[in-house]
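S.K.: Just need the structure, nothing else, for what follows:
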Amino acid sequence: MPPGAVIGAQFQAGGFYDFTKWQLCIDDEGNLFQWIQDSPNETRQEQVFLGQDAVLQLLLRFEELGFALLPDQLPAPPPSGCSDDYLSTYLLVLRWNGVEKYVIAPADSPHPDRHKFQALWDAVHAHLPKQA
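M.R.: Alright, predicted model coming up:
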């Protein structure tokens, strides 16, 4: 595992009254740190050890799907005209093998490479200590 490799992710709920948000960081030693906010007054932290092999598999998946070539921000779908058009937002960050890249994606982005972002999101999300 190259020293300094890191994967980050962040989720922000889109509902007007949904305060759910979380962040995670996976380091090059295989540690996953997660910060979770379920309400304005409730936050918690969790940590799990994934191991370097699991992290390397994630890094290879990022490379395989061409994460470095995705645009920094995927477009949002057109508004429906409803006042509740608050979209959840997803962020992935990668620092590995000379690449420092982030991609922000709103829910239901119409971008043709949205499936690549979703596959990476799902791969990272599968390692969460709590399925947030």
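S.K.: Spatially central residue for the protein, please.
M.R.: A9 (3.1 Å; CA atoms, centre = their mean).
S.K.: Can you name the element that comes right after the helix or strand where that one lies?
M.R.: Using DSSP states H and E, A9 maps to strand 6-12. Once the chain leaves strand 6-12, the next helix or strand it forms, by DSSP H and E, is strand 21-26.
S.K.: before we move on, back to that, who are the packing partners of the strand holding A9?
M.R.: Judged by 3 or more CB pairs under 8 Å, 6 or more residues apart in numbering; DSSP states H and E, strand 6-12 is in contact with strand 21-26, helix 52-64, strand 89-96, helix 114-125. (C-beta placed from N, C-alpha, C; glycine too.)
S.K.: Check which helices and strands the first one sits against.
M.R.: Judged by 3+ CB pairs under 8 Å, 6+ apart, strand 21-26 is in contact with strand 6-12, strand 31-39.
S.K.: Is A9 bridged to anything, and to what?
M.R.: L24, L92 (DSSP bridges).
S.K.: got a pLDDT number for it?
M.R.: We have a pLDDT of 95 for A9.
S.K.: Equivalent analysis for Y86, please.
M.R.: On the pLDDT scale, Y86 gets 65.
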